[in-house]
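A.B. asks: kindly generate the corresponding structure for this input.
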Amino acid sequence: MSVVFFTVTRIYSFGQISLPERVIEVSRFGGETKILSKEDFEPLNILEKISEGIELLENSSPLKTEQYVSDNICFKTKKNYRALRKEISFAILDKKTGEVFEKRCWFSKEDAIENTIISSGLSQVENIFGLKNEEQEINEELALAVNWWNNHNSDIEVRSLNPEDKPGGYIMIANKFPMLNQYLAYPQDKTGKKYSDIVYIPYSGALHIPELIEEGRRFLNQSVDRAFTELSAAKIESVAYPGRLVVDTIKPDFIKNIFLTEQTDTSLLLSAGDGGLKLAERVLVRLGANKEKAYRYTYSSTGALGLGQIMPATYASIVRLYSKAQLIKDVNIGRVDIVNGIKATVLVFDDHFATVIEKLSKTASGRAALSRKKPEEIEEMRAAVYNGGPGKISSQTAAISSAVAETVGFVAKFRRIRALNLFVD
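C.D. replies: This is a model prediction of the structure:
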């Protein structure tokens, strides 16, 4: 039976997804009129919509790349240089209807400028997506505003150019991005000859909602718990505290707070008026949306990698030193694998602090200073050493060196995140 839907103006909000208060269903064939309340509707579940968007992009056609002649002049040849343009795909949620649909555009490095619009066409004449609702016979245009560009993890806002639409009616809930194979740690992700398509949910203000924050907290709690359980089952002994299991010398919540510290900007967090809460929640949103793949594609063969931002040489040494832990031997996969990376982080802390204890034990003043440290001060020492190495602790006073601004900022950032009590029941 065909029906016509009329909506009243009052809106109820479920998270960031709005539904009409009621819908009047009227039969075109003279049937009974039924008044539907908001309880008759299933609220739009953002996690389900993200899953729908991921499935949509994973099953859509592969992305394309092409070369073009840039307007810019090459310094050496004095000619217009040839640049690369890539296709990028977006899964967009229409909050009004609950529909998730795919739109694509072309982009290059020249397009990816902060606070600019990504063009949907090759000509770059119109910065819009042209959409058409056949049923209502109206043209609806969307634009993409780049709030912050970071390739597959870019904060991109979907804006309607229809003046009758209210802001925030559309959300970009996932994207498909062409990535060079050399930046992919997992062999199974390398599906193309040079570029491979990855699907990722980048952070955006529209996704900064309680549901995703809580999902990220739940995922991080479960992952850390699993890592500690596996280290305990393997009976990995502490090098820093001989005769004790490593999991009995360090708290899980400390590890969680370190991850948030690693993944937030120091200057932004220390200047935040909310104590850094929103910035810390950004990390949880990324974890809640992407889970095991949250840091899978932030890859560098020579730089820090993974949730704990472990350097390759550090990871390789931990694999050798704690052989009973049976960490993944591949240096790159081992750091981006969530649970394995957490285990490695715990062991890095143990190894580094063993060096500190050994150094402090050589002098009476060092031993006395360490014995007077409170648990929270030990955590701050660990944070300093993790960031800058054992040399950041004075062998005479066990004090954190103030010589390196980066380490001082890291410890200050850790204190603020710890003070948020994000993992206290």
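A.B. asks: low-confidence ranges in the chain?
C.D. replies: 1-43, 70-83, 109-140, 299-302, 425 (pLDDT under 70).
A.B. asks: ok, which stretches of it are strands?
C.D. replies: 3-7, 11-14, 17-20, 22-27, 34-37, 65-73, 80-94, 100-107, 129-133, 138-148, 155-160, 170-180, 195-200 (DSSP state E).
A.B. asks: chain center to the last one: distance?
C.D. replies: On the basis of C-alpha atoms, centre = their mean, to the nearest Å, the separation between the geometric centre of strand 195-200 and that of its chain is 16 Å.
A.B. asks: which outside residues touch it?
C.D. replies: Residues outside strand 195-200 that contact it (C-beta atoms under 8 Å, 6 or more residues apart in numbering): 54, 57-58, 62-63, 65, 86, 152-153, 174-181, 184, 189-191, 290, 293, 297. (Each C-beta comes from the backbone N, C-alpha and C, glycine too.)
A.B. asks: and the most centrally placed residue in the chain, what does it touch?
C.D. replies: Of all residues in the chain, the one closest to the mean position by C-alpha atoms, centre = their mean is Arg286, 3.1 Å from it. For Arg286, the contact set (C-beta under 8 Å, 6+ apart) comprises 153, 201, 203, 216, 263, 294.
A.B. asks: any chance of a PyMOL selection covering the buried ones in those?
C.D. replies: The PyMOL command for the buried members of the contacts of Arg286 (criterion: 16 or more other C-beta atoms under 10 Å) is given here:
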select buried, resi 153+201+203+216+263+294
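A.B. asks: could I get the contacts of Arg286 as TSV with distance to Lys343?
C.D. replies: Putting those into TSV (distance: C-beta to C-beta, whole Å) gives the following:
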residue	distance to Lys343
Asn153	25
Ile201	25
Tyr203	26
Gly216	20
Gln263	18
Ala294	17
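A.B. asks: looking at the contacts of Arg286, spot the one nearest Leu231.
C.D. replies: Using C-beta to C-beta, Ala294 comes nearest to Leu231 of the contacts of Arg286, at 21.3 Å.
A.B. asks: just the buried ones from the contacts of strand 195-200?
C.D. replies: Buried among these (16+ other C-beta under 10 Å): 54, 57, 63, 86, 152-153, 174-179, 184, 189-190, 290, 293, 297.
A.B. asks: Trp106 and Leu279, how far apart?
C.D. replies: Taking C-beta to C-beta, to the nearest Å as the measure, Trp106 falls 32 Å from Leu279.
A.B. asks: actually, Ile54.
C.D. replies: Counting by C-beta to C-beta, the gap from Ile54 to Leu279 is 25 Å.
A.B. asks: Asn153 now?
C.D. replies: Asn153 is 15 Å from Leu279, by C-beta to C-beta.
A.B. asks: could you do Leu260 as well?
C.D. replies: 8 Å.
A.B. asks: same question, Thr65
C.D. replies: Taking C-beta to C-beta, one finds Thr65 at 34 Å from Leu279.
A.B. asks: cool, and Ala185?
C.D. replies: Counting by C-beta to C-beta, the gap from Ala185 to Leu279 is 26 Å.
A.B. asks: could you do Ser89 as well?
C.D. replies: 29 Å.
A.B. asks: same check on Arg286?
C.D. replies: In terms of C-beta to C-beta, Arg286 sits 12 Å off from Leu279.
A.B. asks: ok, Ser402 touching Val408?
C.D. replies: Yes - assessed by C-beta atoms under 8 Å, Ser402 is found in contact with Val408 at 5.6 Å.
A.B. asks: neighbour-wise, which of these two wins?
C.D. replies: Neighbours per residue (other C-beta atoms under 10 Å) separate Ser402 from Val408, with Val408 holding more: 18 against 10.
A.B. asks: wait, what's in contact with the nearest residue to Gly391 once chain neighbours are set aside?
C.D. replies: The shortest distance from Gly391 to any residue other than its chain neighbours is 7.5 Å, reached at Ser401 (C-beta to C-beta, 6 or more residues apart in numbering). Residues in contact with Ser401, defined by C-beta under 8 Å, 6+ apart, are 384, 388, 391-394, 407.
A.B. asks: now Phe228
C.D. replies: 247, 252, 346.
A.B. asks: repeat that for Leu260.
C.D. replies: Counted by C-beta under 8 Å, 6+ apart, Leu260 has contacts 280, 283-284, 417, 422.
A.B. asks: can you put those in a markdown table and add neighbour count?
C.D. replies: Compiled in a markdown table, the contacts of Leu260 are given as follows (neighbours: other C-beta atoms under 10 Å):
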| residue | neighbour count |
| --- | --- |
| Ala280 | 24 |
| Val283 | 23 |
| Leu284 | 25 |
| Ile417 | 24 |
| Leu422 | 19 |
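A.B. asks: and for the residue lying closest to Asn150 once chain neighbours are set aside, the neighbour number?
C.D. replies: Residue nearest to Asn150 in three dimensions, not counting chain neighbours: Pro202, with 7.7 Å by C-beta to C-beta, 6+ apart. Close neighbours of Pro202, defined as other C-beta under 10 Å, add up to 22.
A.B. asks: could you list the domains of the chain?
C.D. replies: The chain is divided into the following domains under automatic domain parsing: 3-40, 46-201, 210-419.
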